[in-house]
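Visitor: 3D model of this:
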Amino acid sequence: MAWRRLSGDGTAPAEETQLNRLARLLKPQSVALIGATDSSMWSLYTYQNLRAFSPDLPVYCVHPRHDVVHGQPAHRSIGAIGQPVDLAYVMVPTSEVIPVIGEAVSAGVRHAVVLTAGFAETGAEGRALEERLVALATEHDLVLLGPNGNGFINASDQLAPYGLPIAPPLHAGPLGIVLQSGGLASVVLHMAQTRHIGISHLVATGNEAMVTATDVLAYLVDDPGTAAIAAFLETIRDPGRFRAVAEAALGAGKPMVVLKVGRSAAGERAALAHTGALVGDRDVVRAALRHFGAVQVDSLEDLLVTAGLLAYNRAPLGRRLAAVTASGGACDLIADRATDEGIELPEFPAATTTGLTELLPAFSNPRNPLDVTGYVVVDPTISHRALEIVVEGAPGHYDTILYQATLPQSPPRDPSLTLNRLKAVKAAVERSPVPVVIQTVSSSDISPFARSVLDEVGLHATNGIEHGMTALGHAIDWHERRRRLMGRQATGTTVTRERVRLDGAGNGTLSEAAARELLASGGVPVVPARLATTADAAVAAALHLGFPVVLKVASPGVAHKTDVGGVAMDVRGPDEVARAFTSITASVRSALPRARVDGVLVSPMRRGGAELLVSVRRDLAWGPVLAVGLGGVWVEALNDTSLRLLPVGADQVEEALHELRGAALLRGGRNRPPVSVGRVAEVVVAIAAVAMSLGEELEALEVNPLWADGDDVEVLDALVVMR
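Guide: Residues are numbered from 1 along each chain as shown. The predicted structure follows:
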């Protein structure tokens, strides 16, 4: 743990855990605003938020020179309050933060939010100051949120020690939010309010000097009032712990929706491997998040709408969708977006079609997605009555129902009509054997009146077709992936580190012969080859293996053989083999005079089929990462790769292969047989297992190409780089 409470003498751990401490931080029994002043809007906003949402909470204003602040008596120091203080909210100048925290701990305060900036975000001097602050807090068992953070909102308990304005009401609900951005917190809160998404907690973590975003995520996973989590992340400070928290969320059935921003500087890579230039940090982070079951989005809108849908719709959603709308145009948009998201729109069963034909006007067309037509203006009940018919036909035909609700922007003349209509929708939702997702037509704000009716009825409406269908696709994908990931098993191999020979390169690069032996020992199929040290030996090898053949230089100092004239393809006769041997050795020695040349590898020429790249490199943060893609000479030109963190199973490799833009090449065509993706996946799993067996000393293992023709799969070339 990064921090925990110690017993009174500081020698032994007490039973109180981080989660308990965070629970107490986020639910203070009293608050002192240190540095409170009428001239600071931060101070005024924080005070107003506390008074508006928790009027009975003791709030003390502290200022060394003012007698009255925000209309109430002020105290010259925290020690002068004379009452227990549970949380210190600090907004004094940077130079005064450490002395003020010293006073707070002397007064028995154990929790603090530091709004003040000027710490690690400013450079070396600020980092040193922040380290002193953390040392002081740790010494005195103080849990500190920030610095350079606006605080938090605990909507479940109606507490908001938060330094920016919050418009009432503070709508409590099942979504927990953590943000590594203080300024965006108010924006996100406003978006949640106007989209009728209730929150349990919203925490802005600031500089994360002590409490990190991962700490808050762990708390939200454990919090019974949180059903789903939205996270805006600029960095992941402790990948190992983040992984544990993400896997705990998956196990608890709490979707974690992540908007990860920023492109970090490229980490350490194996420069000798092709994928060192293809796979960046951002790609690895995305692969890691997927590996742990997180839902990834690319906008704040999708962050809120997707997380809101998952928070309010807990039942598993499926890909067979029935949709009920009041607009032909909406049907077209839903059909297009469903295709984008891989969602099916099956035909209605015969009984449903018959029932809809009897209900709807003669000019309607009762098909899926359904347009109940503009007749809804004449008969407002026709929409929810159509929903009831679709619900009756659901078993065995569709897994999810989408119902588009028209919500008024202002109170109608007779509000009871809206209330009764939505009550009927609610009754249909409760009777439905499959989940029903309510969706608005546009992504405009849901009016206060509509929100009040939705609250009264107990419905949640997903915001708009565009973001709503994105959210629906993400939600379906999350439920499917969770089922797969919960059954995921690690793979292993019997290869051991002792069997790796780092022979002669001096830079950790194995010779191709050693790399081939390593892979073969792990059960990986490798194309036959013979090492020839003379032209005559090369001819003999070719005659044994059969023409045509490929000749490649055997040298641990040559990673990219074609760049130095070290490869001859489609060599068809003894004389050509002899000339190729001479040309290759001369070319390599000319280009790399200091390279050790062991000879030339001779192997059969493989024709047809597909060439793939399979690479494993060790990421400094996330460990071994597998990349699969189109291989051969097209690796860097096409940059078509899909990533997975190791270990992987064959199903995950197949999924990665199908994600490639060039996946159609694996399906064959034009008299070419399809590649057995299942067999390729088995071989890739074996390659990955060999890489895993090498432990942390592995820098990169790259197979390029992995040749596949029908069920035949072989490694044609391999590169292994050790640290």
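
Visitor: now stretch 405-413: average pLDDT?
Guide: Across stretch 405-413, pLDDT averages out at 89.

Visitor: in it, which residues are buried?
Guide: Neighbour-count burial for stretch 405-413 flags 405, 407 (criterion: 16 or more other Cβ atoms under 10 Å). Where C-beta positions appear, they are placed from N, C-alpha and C, glycine not excepted.

Visitor: please name the nearest non-neighbouring residue to residue 298.
Guide: Spatial nearest neighbour of residue 298, excluding adjacent residues (Cβ to Cβ, 6 or more residues apart in numbering): residue 259 at 7.1 Å.

Visitor: just residue 564 next, same as before
Guide: Nearest-residue entry for residue 564: residue 591, 4.0 Å, with adjacent residues in sequence omitted and distances by Cβ to Cβ, 6+ apart.

Visitor: surely that neighbour meets residue 561?
Guide: No: applying Cβ atoms under 8 Å, one finds residue 591 not in contact with residue 561, separated by 10.6 Å.

Visitor: so what does the helix or strand containing the residue nearest to residue 298 touch, helix or strand wise?
Guide: Element membership for residue 259 (DSSP states H and E) is strand 256-260. Secondary-structure packing of strand 256-260 (3 or more Cβ pairs under 8 Å, 6 or more residues apart in numbering; DSSP states H and E): strand 228-233, helix 239-252, helix 281-291, strand 295-296, helix 300-312.

Visitor: one more pass at 6 Å, please.
Guide: If you count contacts as 3 or more Cβ pairs under 6 Å, 6 or more residues apart in numbering; DSSP states H and E, strand 256-260 packs onto strand 228-233, helix 300-312.

Visitor: winner for burial among the ones you listed?
Guide: strand 228-233 (a mean of 27; mean count of other Cβ atoms under 10 Å).

Visitor: how far out from the middle of the chain is that strand?
Guide: Relative to its parent chain, strand 228-233 has a centroid offset of 9 Å by Cα atoms, centre = their mean, to the nearest Å.

Visitor: can you check stretch 303-310 too?
Guide: 14 Å.

Visitor: begin at 6, not 1, for the rest of this chat.
Guide: From this message on, residue numbering opens at 6, which makes the last subject stretch 308-315.

Visitor: direction included, what does the strand of greatest length in the chain pair up with?
Guide: Criterion DSSP state E: the longest strand present in the chain is strand 703-714. Next to strand 703-714 in the sheet, as set by DSSP bridges, lie strand 615-624 (antiparallel), strand 717-720 (antiparallel), strand 723-727 (antiparallel).

Visitor: with distance to residue 252 added, can I get these in a markdown table?
Guide: Formatted as a markdown table, the strands paired with strand 703-714 follow (distance: least, Cβ to Cβ, whole Å):
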| stretch | distance to residue 252 |
| --- | --- |
| strand 615-624 | 18 |
| strand 717-720 | 32 |
| strand 723-727 | 30 |
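
Visitor: closest one to residue 36 among those?
Guide: Set against residue 36 and scored by Cβ to Cβ, these come closest in strand 615-624, at 42.4 Å.

Visitor: check which element follows the closest one along the chain.
Guide: Following strand 615-624 in sequence order, the next helix or strand is strand 628-635 (DSSP H and E).

Visitor: which residues touch that next one?
Guide: Outside strand 628-635, the residues within contact range by Cβ atoms under 6 Å, 6 or more residues apart in numbering are 280, 284, 289, 618-624, 643, 645-651, 661-662, 667, 693, 696.

Visitor: that strand - what's its average pLDDT?
Guide: For strand 628-635, mean pLDDT is 93.

Visitor: for residue 121, grab phi and psi.
Guide: Dihedral pair for residue 121: phi -60, psi 140, per degrees, to the nearest 10.

Visitor: and it, how far is that from residue 71?
Guide: Plainly put, residue 121 is 18 Å away from residue 71 if you go by Cβ to Cβ, to the nearest Å.

Visitor: let me see the domain layout of this protein.
Guide: Domain ranges of the chain: 319-491, 533-609, 615-727, per automatic domain parsing.

Visitor: next, please give the residue ranges for the helices of the stretch 506-655 of the chain.
Guide: Along the stretch 506-655 of the chain, the segments classed as helices by DSSP state H, counting those that start in this stretch run 517-526, 540-550, 579-596, 640-643, 655-664.

Visitor: on that earlier part again, the residue nearest to residue 303: what's it in contact with?
Guide: With Cβ under 6 Å, 6+ apart, residue 264 has these contacts: 237, 302, 308.

Visitor: also residue 655?
Guide: By Cβ under 6 Å, 6+ apart, the residues touching residue 655 are 686, 687, 690.

Visitor: leaving out sequence neighbours, find the closest residue to residue 226.
Guide: The shortest distance from residue 226 to any non-neighbouring residue, by Cβ to Cβ, 6+ apart, is to residue 254 (4.7 Å).

Visitor: does the one you found touch residue 263 like I think?
Guide: No: assessed by Cβ atoms under 6 Å, residue 254 is found out of contact with residue 263, at 10.7 Å.

Visitor: centre-most residue in the protein?
Guide: Geometric centre of the chain, nearest residue: residue 294, 3.4 Å, by Cα atoms, centre = their mean.
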